[in-house]
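K.L.:
3D model of this:
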Amino acid sequence: QVQLVESGGGLVQPGDSLRLSCAVSGFTSHYYSLAWYRQVPGKEREGVSCISKSDGIKSYTDSVKGRFTISRDNAKNTVFLQMSSLKPEDTAVYYCNIRDLVTMTISWGQGTQVTVSS
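P.N.:
I've put the predicted structure just below:
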């Protein structure tokens, strides 16, 4: 069974940094992508960043470009989201997911709260 466990969220001030981690276990496919999403109450879940396993190509939503960096540690089956210059509008629950590119199955973590407030 695939499990994703996010960690690293918290309460920070505007301009601060945080690094989120997502540990993946139980996933056996060699063709997959990893992504971070975020959601605030009353709004749809928004894609933040994505990285492919095969070629490492990264993508970001416009609002986080230049501030967030996605990376992965294949040996530890972990994906990271380094967030810098945080803004109050970055406040959300952040989720990671893994998409099997063969079956197109998506598995989600439970989410971690990020709050940016002075």
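K.L.:
use CA for all of it now, contacts and neighbours both
P.N.:
Noted.
K.L.:
Give the full set of residues in contact with the closest residue to residue 90 other than its chain neighbours.
P.N.:
Spatial nearest neighbour of residue 90, excluding adjacent residues (Cα to Cα, 6 or more residues apart in numbering): residue 116 at 6.7 Å. Each residue near residue 116 by Cα atoms under 8 Å, 6 or more residues apart in numbering is listed here: 11-14, 86-91.
K.L.:
any idea how far residue 67 is from residue 116?
P.N.:
Look at residue 116 and residue 67: by Cα to Cα, to the nearest Å, they are 14 Å apart.
K.L.:
just residue 39 next, same as before
P.N.:
Taking Cα to Cα, one finds residue 39 at 18 Å from residue 67.
K.L.:
Give the residue from the two that has the larger number of neighbours.
P.N.:
Ranked by neighbour count (other Cα atoms under 10 Å), residue 39 and residue 67 place residue 39 first, with 19 against 13.
K.L.:
Local confidence estimate at the closest residue to that one other than its chain neighbours?
P.N.:
Computed as Cα to Cα, 6+ apart, the closest residue to residue 39 that is not its neighbour in sequence is residue 45, at 4.5 Å. pLDDT for residue 45: 96.
K.L.:
likewise residue 57?
P.N.:
88.
K.L.:
Could you say which helix or strand holds the residue positioned nearest the centre of the chain?
P.N.:
Nearest residue to the geometric centre of the chain (Cα atoms, centre = their mean): residue 36, 2.5 Å. Secondary structure assignment for residue 36, by DSSP states H and E: strand 32-39.
K.L.:
Follow the chain on from that strand and name the next helix or strand.
P.N.:
strand 46-52.
K.L.:
List of residues touching that following strand?
P.N.:
Applying Cα under 8 Å, 6+ apart, the set of residues contacting strand 46-52 is 32-39, 57-61, 64, 70-71.
K.L.:
ok, and what's touching the helix or strand that it is followed by?
P.N.:
Per DSSP H and E, strand 46-52 leads on to strand 58-60 as the next helix or strand towards the C-terminus. Under the contact criterion Cα under 8 Å, 6+ apart, strand 58-60 has outside partners 48-52, 70.
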